[in-house]
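**Q** Model the structure of this input:
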Amino acid sequence: MIDVKLLREDPELFLNSCRARGYGSDLVESFFELDKKWREITSILNRTKHDKNVLSLEISKAVKEKKDPLALKEQVRVLNAKIDEMEREVTSIESERDQKLRLIPNIIDPEVRTCKGDDNNPFVKFNGNASVFHDDIREFMSRTENKGVYTEIDYRPLSHVDLQANLDLVDLERAGKISGARFYFIKNRLFKLELALMNYAVDFLSQRGFSVVEPPLMLNYDSMARATDIETFKESLYKIEGEDLYLIATSEHPIAAMLRDEILEQKELPLRVCGVSPCFRKEAGAHGKDTKGIFRVHNFNKVEQFIFCEPEYSKDFHNELLANTEEIYQSLGLSYRVIDFCSAELSVLNARKFDIEVWFPSQGKFREVASASNNTDYQSRSLNIRYRSKDGNKFVHTLNNTALATTRTLVAIMENFQDRSGKRITVPDVLVPYTGFDTIEK
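**A** I've put the predicted structure just below:
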């Protein structure tokens, strides 16, 4: 939720931000129309209450002087009816105005490029040495603005769908029989590799000052709505029938909500939290996309980074979160690019967001594996999370980034580290101490 005081002081700041997102000016203008109406009626209401108080004093005076107060009481009765009517109207307008306020998106960071479309998200950098089939070199170099480093290969590696079938690593058919599409049984050494990824990421973040939590897997509506833009996100959420509960889509939401309505001490900041949890998503808007395999599924495990910090340091911590994830993927030996989101592609919460996209050689494209978001004070205002400072209580800034989502990272490892025959997958060196094996074979 935005700072309403700042909105009233500098509406043009929000109008420009909305226009850059492609929202137009309707939301901000609607808020001010309702706010003006609310102020006018509230002013009349306060004057009416004052008039009633004056009459009440006159009634008391008349009673003391043994005069008939009946006419005055009738005037009070009329004013009471007006007050009741205006209070209902004020409440109704206030509710509608506050709904509009909640829809106004976060202020975009000045460094974000004003544009729209995923293809226009600015390229930031490339890291690694990718294996690129010769037919995909032009695409690879285009997506890295000719800064990508690659080794040309003369064959197209097998897709993870073929690998998981050939090496008996995933059973989609039986999962589909009992649960439906986009569910899976993950098996044998691939399951152990998944556990290794999570343990490695947890150790990595623990060494960098993150406390580790396993959050609740369900949130009530109020907490979910405060932590995210639920009306936009609702189609992706699983609702528990007959309960005021939703399955979490990411541990970001329960971690953000766990401090709602709390005031932190300044010395507690920054507060770094690593969340490890299953995530549940309907993927309602992904019909026909990645229907085979385990790249886009209804539930997966994820290690999430989250930081609560003082406002003046949030840009630094945004870079820290991004650097952590980059270092994880570098250590796994995976090639990736970083992109900076266009203004029109940001979510309502985001002031700025970076994506890390790993190169998938069998698909001949980069695919998103992590998103690093700076939500400034937008999320914390909604959740009422503040800290004490010498200048009074202030809202913290909140930031989050995926350390790794296991299924997508497993797909990346399978496709990048298979041998030419497609019968063996090499385990990244940093994971071998966690797996106890260095290859996956049938």
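
**Q** drop to CA atoms for contacts and neighbour counts, all remaining ones
**A** Fine.

**Q** Low-confidence ranges, the stretch 51-200 of the chain, go.
**A** Regions of the stretch 51-200 of the chain meeting the criterion pLDDT under 70 are absent.

**Q** And the helices in it?
**A** Ranges of helices in the stretch 51-200 of the chain, per DSSP state H, counting those that start in this stretch, are 70-103, 137-143, 160-166, 172-179, 188-206.

**Q** Which positions in the third one come out as buried?
**A** For helix 160-166, the neighbour count (16 or more other Cα atoms under 10 Å) marks 160, 161, 163, 164 as buried.

**Q** what's the answer for the last one, then?
**A** Using 16+ other Cα under 10 Å as the test for burial, helix 188-206 gives 189-191, 193-198, 200-202, 204-205.

**Q** sorry, back to before: pick the one among the buried residues of helix 160-166 closest to residue 351.
**A** If you rank the buried residues of helix 160-166 by distance to residue 351 using Cα to Cα, residue 160 comes first, at 35.0 Å.

**Q** ok, and the closest non-adjacent residue to residue 306?
**A** Computed as Cα to Cα, 6 or more residues apart in numbering, the closest residue to residue 306 that is not its neighbour in sequence is residue 400, at 4.4 Å.

**Q** Correct me if wrong: that neighbour contacts residue 253.
**A** No: taking contacts as Cα atoms under 8 Å, residue 400 lies outside contact range of residue 253: 9.9 Å.

**Q** Between these two, tell me which one has more neighbours.
**A** In terms of neighbours (other Cα atoms under 10 Å), residue 400 is the more surrounded of residue 400 and residue 253; the figures are 28 against 23.

**Q** beta partners for the more buried one?
**A** Going by DSSP bridges, residue 400 is paired in beta bridges with residue 306, residue 373.

**Q** Next, find the distance separating it from residue 270.
**A** Separation of residue 400 from residue 270 (Cα to Cα, to the nearest Å): 13 Å.

**Q** thinking again about what came up before, quick check: which of the helices of the stretch 51-200 of the chain is nearest to residue 302?
**A** The closest approach between residue 302 and any of these, judged by Cα to Cα, belongs to helix 188-206 at 7.6 Å.

**Q** List the contacts of the closest one.
**A** Taking contacts as Cα atoms under 8 Å, 6 or more residues apart in numbering, the residues outside helix 188-206 that touch it are 168-169, 212, 274, 276, 302-303, 324, 328, 403-404, 406-407, 410, 431, 434-435, 440.

**Q** next one: it to chain centre, how far?
**A** 23 Å (Cα atoms, centre = their mean, to the nearest Å).

**Q** Would you mind confirming that residue 404 makes contact with residue 368?
**A** No: at 10.9 Å, residue 404 does not count as touching residue 368 under the criterion of Cα under 8 Å.

**Q** count of residues packed around residue 245?
**A** When counting by other Cα under 10 Å, one arrives at 18 neighbours for residue 245.

**Q** Give me the pLDDT value at residue 285.
**A** pLDDT, residue 285: 67.

**Q** Residue 293 sits in which helix or strand?
**A** With elements delineated by DSSP states H and E, residue 293 resides in a region that no helix or strand encompasses.

**Q** Contacts only, for it.
**A** Contacts were defined as Cα under 8 Å, 6+ apart; by that measure residue 293 touches 160, 161, 172, 182.

**Q** from those residues, which two are the most distant?
**A** The largest distance within the contacts of residue 293, taken as Cα to Cα, falls between 160 and 182 and amounts to 14.7 Å.

**Q** re earlier: now, which of the buried residues of helix 188-206 sits nearest residue 231?
**A** When the buried residues of helix 188-206 are compared for distance to residue 231 (Cα to Cα), residue 198 wins out at 30.8 Å.

**Q** that older thread, any chance of the helices of the stretch 51-200 of the chain in JSON lines, with distance to residue 417 too?
**A** What follows is the helices of the stretch 51-200 of the chain, written out as JSON lines (distance: least, Cα to Cα, whole Å):
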{"stretch": "helix 70-103", "distance to residue 417": "45"}
{"stretch": "helix 137-143", "distance to residue 417": "18"}
{"stretch": "helix 160-166", "distance to residue 417": "11"}
{"stretch": "helix 172-179", "distance to residue 417": "22"}
{"stretch": "helix 188-206", "distance to residue 417": "13"}
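
**Q** Between its first and last residues, what's the separation in stretch 292-311?
**A** By Cα to Cα, the extent of stretch 292-311 from end to end equals 43 Å.

**Q** Make residue 1 into 44 and carry on from there
**A** Okay, using 44 as the starting number, the last item reads as stretch 335-354.

**Q** quick check: mean pLDDT across it?
**A** Averaged across stretch 335-354, the pLDDT comes to 97.

**Q** for it, which positions count as buried?
**A** Residues of stretch 335-354 classed as buried under the neighbour-count rule (16+ other Cα under 10 Å) are 336-353.

**Q** picking that back up, counting neighbours, go ahead and name the busier of residue 447 and residue 411.
**A** Neighbours around residue 447 and residue 411, counted as other Cα under 10 Å, are more numerous at residue 447. The numbers are 24 against 15.

**Q** would you say the more buried one is within a strand?
**A** Yes: looking at residue 447 with DSSP: H, G, I helix; E, B strand; the rest coil, it is inside a strand.

**Q** Next one: the nearest residue to it once chain neighbours are set aside relative to residue 258, how far apart?
**A** Once flanking residues are discounted, residue 447 sits nearest to residue 346: 5.5 Å by Cα to Cα, 6+ apart. Distance check for residue 346 against residue 258: by Cα to Cα, it reads 11 Å.

**Q** intersection of neighbour lists for these two?
**A** Between them, residue 346 and residue 258 share the contacting residues 318, 319, 320, judged by Cα under 8 Å, 6+ apart.

**Q** contact partners of stretch 200-211?
**A** The list of residues contacting stretch 200-211 from outside it, by Cα under 8 Å, 6+ apart, reads 213-214, 230-231, 335-337, 404-406, 454, 457-458, 461, 463, 465-466, 483-485.

**Q** If you count neighbours, what's buried in stretch 181-200?
**A** Applying a neighbour-count criterion of 16+ other Cα under 10 Å, one finds 183, 186, 187, 191, 192, 193, 196, 199, 200 buried in stretch 181-200.

**Q** Verify the contact between residue 475 and residue 483 for me.
**A** No: Residue 475 sits out of contact with residue 483 when judged by Cα under 8 Å, with a separation of 11.3 Å.

**Q** So between these two, which is more surrounded?
**A** Here residue 475 and residue 483 are set side by side on neighbour count (other Cα under 10 Å), and the busier one is residue 483, at 18 against 15.
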